[in-house]
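> Kindly return the folded structure for what I paste below:
(one chain, ligands or ions: 3)
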Amino acid sequence: MAKLLMTKTTLGNGNTDNQSVRRWVEAQAKLCQPDQIYWCDGSEAEKETLTAEAVAQGILVKLNQEKLPGCYYHRSNPNDVARVEQCTFICTPMQEEAGPTNNWMAPKAMYAKLGAMCAGAMKGRTMYVVPYLMGPPGSPMTKVGIELTDSLYVVLSMRIMARMGEVAYKQLGDSDDFNRGLHCMLDVNPDRRFIAHFPHDNAVISVGSNYGGNVLLGKKCLALRIGSFLGRNEGWMAEHMLILGVESPAGEKTYVAAAFPSACGKTNFAMMVPPAHFKGWKIWTVGDDIAWMKPGEDGRLYAINPEAGYFGVVPGTNSKSNPTAVQTIARDTIFTNVALTPDGDVWWEGKDGPVPKECLDWRGNKWTPDSKEKAAHPNSRFAAPMKNNPMLDPLANDPNGVPISAIIFGGRRADTMPLVYQAFNWIHGVYIGATMGSEMTAAAVGGLGQVRRDPMAMLPFCGYDMGDYFRHWIVMRKLIKFTPRIFHVNWFRKDEAGNFLWPGFGENMRVLKWIVDRCNGRANAVETPLGWVPYAKDFDLSGLADYSSEKFDRVQTINYDDWRRELLQQDELFMRIYSHLPKELIFQRELLVARL
Ligand code: GTP
Ligand code: SPV
Ligand code: MN
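Ligands and ions are numbered 1, 2, ... in the order given. Here you go, the predicted model:
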């Protein structure tokens, strides 16, 4: 192994002869001035060492190893518990390219601003070099990233969320085609928090945070914001979608991808366990958050999950809502911002079993069942390796990905949106995705509960102009011979009393079954102004206690007053992004108005 260029103390067994990597790391070290540089190799031994170090520094708490083998607990700064969209920037040379839905700053100005913040920021600290892959090793779709960070929590989380270590240098070879990610925690101050993307440089700089999507740079930053930009130029799609396989009792396998906004049910859907009534049906997980999709040689659209772990919402996870997740997070998991019980276990609202008489809440304060505040933060998360998932699809690591038969869009809507309908064709489906709305959740700071337009669940994650992104979807149609069918679902419609009109979770299998049958030419449908919907008589409600066909009619109702409002709200988005909006979508709007 060649000697490193830098004079700094270097630790860790990870090393590379790749000159571009070494020069770049050296330049960043010169800027940040860490006391030492630690080159991660991704080994088990390294995990042990770094975990022990994190425990010694109080970054992680070792949980009760009898109950939760290999599990650790982390509390983030209370000012740093979710993605911050107002601090997230797309830095293209022209603002036009970033579009009206992204914060923008010129690259030169942003490099100068963040360079000044990072200067000397790692004095007295260690800079960890984290090489990783987004995608299975050896896949032509896989991308290499290197994240430099002064956070051990980030190193240990990245190790779960991505394929980390030597494997990345192997894929990279002597190429300089890798994402350059720099993360400095600084003083974790919201006023000095920036997540800046430089799509033309395949680079990201994140400062002032130590939480989730802000700092695990392979995830939202590379796999979605930079990824969407690269995908547009290279003829593929980077989407905020889960990927799952549906296996019928006869062994037929159908893969679907689904885009729901943050905290709107992707992980739950991707790990769904069909109800007893669906004997012999199985759901296999490929991914729970991100899909990279590319047309294959056979003319179908193929998808890979670029991630290797799940960064999932904890509250509400139990053996009824998501038994697969319960098994997945039983070991080797880092829990962030849940509650800690006196016996070294974790707890959250909606967990199986009794409510603890006393525990420490996500801030570390004493909590009892009488406390007014929640014990676990609503956006508390688990980071768990996907290999723990008992229903991991056998093709989850396949370099070719899986062929997608259906794309499902869905939002969190208390009204207006029926449980399920199918687009008439691809371009109509693009319109349905482009006009998606959803109530905002705790996954991002601000606006909780308000309905906002979140096209294709990508509003916070698209690395370029939203109108150009719609254009890319339209262009992709020409590259795919057998286009996936497109659907819209809404698990969250409520009655006047505020009760959900659909039981959701495992029962979503009933909707998925109709979707799969539609894709495979087996189910009938009725034409409505919105699209195709199931005949009530065809839709399987058997074995669903207390669920009448009247209730199903209600959850499927198209209310014309609601749709008048809906169209006006959609117009607000279209006005905002008008200058790059493909005219095809304006025509689709006109057709919808005419049908209504
Ligand atoms: P991100 O990781 O933020 O991208 O979220 P996600 O889309 O993976 O959402 P997740 O599956 O974690 O679900 C978020 C919340 O929605 C959880 O609190 C669930 O309880 C709730 N949820 C998920 N599926 C359903 C459903 O079918 N019905 C109802 N009513 N709630 C659901
Ligand atoms: C999301 O917000 O969509 C997430 C969580 O998946 S985070 O990684 O924080 O972006
Ligand atoms: Mn997500």
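
> where does the chain dip in pLDDT?
Where the chain drops to pLDDT under 70, the residues are 1-8.

> which bits of it sit near ligand 1?
Residues of the chain lying near ligand 1 by CB under 6 Å from any ligand atom: 260, 262-268, 288-289, 312-313, 315-316, 321, 443, 491-492, 500, 504-505, 508. Just so you know, the C-beta spots here come from the backbone N, C-alpha and C atoms, and that holds for glycine as well.

> Buried ones only from those, please, as a PyMOL command.
Buried residues within the residues of the chain next to ligand 1, by 16 or more other CB atoms under 10 Å, are selected in PyMOL with:
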select buried, resi 260+262+263+264+265+266+267+268+288+289+312+313+315+316+321+443+491+492+504+505+508
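
> what kind of secondary structure is Val55 in?
Here Val55 is recorded as helix under DSSP: H, G, I helix; E, B strand; the rest coil.

> Roughly how far does it sit from ligand 1?
26 Å (CB to the nearest ligand atom, to the nearest Å).

> Any idea how many residues pack against that residue?
14 (other CB atoms under 10 Å).

> Now do the phi/psi pair for Met161.
Backbone torsions for Met161, taken as degrees, to the nearest 10, come to phi -80, psi -20.

> For the stretch 1-150 of the chain, what lies in contact range of ligand 2?
Arg83.

> The residue in the chain positioned nearest to ligand 2 in helix, strand or coil?
Closest to ligand 2 within the chain is Gly213: 2.3 Å, counting by CB to the nearest ligand atom. Classification of Gly213 using three-state DSSP returns helix.

> list the contacts for it?
Contacts here follow CB atoms under 8 Å, 6 or more residues apart in numbering; on that basis Gly213 touches 83, 219-221, 311.

> for this protein, longest helix please?
If you go by DSSP state H, the chain has its longest helix at helix 560-576.

> mind listing what's buried in that one?
Using 16+ other CB under 10 Å as the test for burial, helix 560-576 gives 563, 566, 570, 573-574.

> which one of the residues you listed is nearest Cys71?
Nearest to Cys71, judged by CB to CB, of those is Leu573 at 41.9 Å.

> Spatially nearest residue to the closest one (excluding sequence neighbours)?
Closest residue in space to Leu573, ignoring its immediate chain neighbours: Arg453 at 4.0 Å, by CB to CB, 6 or more residues apart in numbering.

> Quickly list what the one you found is bridged to.
Taking DSSP bridges as the rule, Arg453 bridges to Gly437.

> just checking, it touches Leu568?
No - counting by CB atoms under 8 Å, Arg453 stays clear of Leu568, with 11.7 Å between them.

> starting at the chain centroid, how far to the helix or strand Ala112 falls within?
Take DSSP states H and E as the rule and Ala112 turns out to sit in helix 107-118. Computed by CA atoms, centre = their mean, to the nearest Å, the chain-centroid distance of helix 107-118 equals 28 Å.

> So which bits of that helix are buried?
For helix 107-118, by 16+ other CB under 10 Å, it's 107, 110-111, 113-114, 117-118.

> Out of those residues, flag the one nearest to Phe482.
Nearest member of those to Phe482, counting by CB to CB, is Pro107, at 39.8 Å.

> and the gap between the nearest residue to that closest one once chain neighbours are set aside and Ser579?
What sits nearest to Pro107 in space, not counting adjacent residues and going by CB to CB, 6+ apart, is Cys91, at 4.5 Å. Distance of Cys91 to Ser579, given as CB to CB, to the nearest Å: 20 Å.

> circling back: which helices and strands sit right next to the longest helix of the chain?
If you count contacts as 3 or more CB pairs under 8 Å, 6 or more residues apart in numbering; DSSP states H and E, helix 560-576 packs onto strand 437-439, strand 451-453, helix 583-595.

> try it again with 10 Å
For helix 560-576, the elements it packs on are helix 426-434, strand 437-439, strand 451-453, helix 466-479, helix 583-595, judged by 3 or more CB pairs under 10 Å, 6 or more residues apart in numbering; DSSP states H and E.

> Close to ligand 3: what parts of the stretch 351-500 of the chain are there?
Neighbours of ligand 3 within the stretch 351-500 of the chain, by CB under 5 Å from the ion: none found.

> sorry, back to before: how distant is whichever helix or strand comes after the helix holding Ala112 from the center of its chain?
Going down the chain from helix 107-118, the next helix or strand is strand 126-134, by DSSP H and E. Strand 126-134 has its C-alpha centroid displaced from the chain centroid by 20 Å (CA atoms, centre = their mean).

> Provide the strand pairings for strand 126-134, with the direction of each partner.
The strands beside strand 126-134 in its sheet (DSSP bridges) come out as strand 36-39 (parallel), strand 143-149 (antiparallel), strand 163-164 (antiparallel).

> need the ones you listed in CSV with mean neighbour count, can you?
Converted to CSV, these look like this (neighbours: other CB atoms under 10 Å):
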stretch, mean neighbour count
strand 36-39, 20
strand 143-149, 26
strand 163-164, 26
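
> Tell me which of those lies nearest to Phe194.
Evaluated over the strands paired with strand 126-134, closeness to Phe194 peaks at strand 143-149, with 15.0 Å, by CB to CB.

> CA atoms of the closest one as PDB?
The C-alpha coordinates for strand 143-149 follow below in PDB (Å, rounded to 0.1, in the frame of the first residue of the first chain):
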ATOM      1  CA  LYS A 143     -22.400   4.900  -7.600                       C
ATOM      2  CA  VAL A 144     -19.500   5.500  -5.400                       C
ATOM      3  CA  GLY A 145     -19.400   8.100  -2.700                       C
ATOM      4  CA  ILE A 146     -16.900   9.200  -0.100                       C
ATOM      5  CA  GLU A 147     -18.100  11.000   3.000                       C
ATOM      6  CA  LEU A 148     -15.700  12.900   5.200                       C
ATOM      7  CA  THR A 149     -17.200  13.500   8.600                       C
END
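
> which residues does Ile90 contact?
97-99, 101-105, 110, 196-199, 225-226, 229, 462-465 (CB atoms under 10 Å, 6 or more residues apart in numbering).

> sorry, that was for Leu172
Contacts of Leu172 (CB under 10 Å, 6+ apart): 16, 18, 20-21, 131, 133, 143-146, 178.

> which parts of stretch 403-416 are buried?
Residues of stretch 403-416 classed as buried: 403-416 (neighbour count, 16+ other CB under 10 Å).

> Columns secondary structure and distance to Val355 on top of these, output as JSON lines?
Listed next are the buried residues of stretch 403-416 as JSON lines, based on DSSP: H, G, I helix; E, B strand; the rest coil; distance: CB to CB, whole Å:
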{"residue": "Pro403", "secondary structure": "strand", "distance to Val355": "45"}
{"residue": "Ile404", "secondary structure": "strand", "distance to Val355": "42"}
{"residue": "Ser405", "secondary structure": "strand", "distance to Val355": "43"}
{"residue": "Ala406", "secondary structure": "strand", "distance to Val355": "40"}
{"residue": "Ile407", "secondary structure": "strand", "distance to Val355": "40"}
{"residue": "Ile408", "secondary structure": "strand", "distance to Val355": "35"}
{"residue": "Phe409", "secondary structure": "strand", "distance to Val355": "36"}
{"residue": "Gly410", "secondary structure": "strand", "distance to Val355": "31"}
{"residue": "Gly411", "secondary structure": "coil", "distance to Val355": "31"}
{"residue": "Arg412", "secondary structure": "coil", "distance to Val355": "26"}
{"residue": "Arg413", "secondary structure": "coil", "distance to Val355": "31"}
{"residue": "Ala414", "secondary structure": "coil", "distance to Val355": "28"}
{"residue": "Asp415", "secondary structure": "coil", "distance to Val355": "32"}
{"residue": "Thr416", "secondary structure": "coil", "distance to Val355": "36"}
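
> Look at Val511 and give its secondary structure.
Val511 ends up helix, using three-state DSSP.
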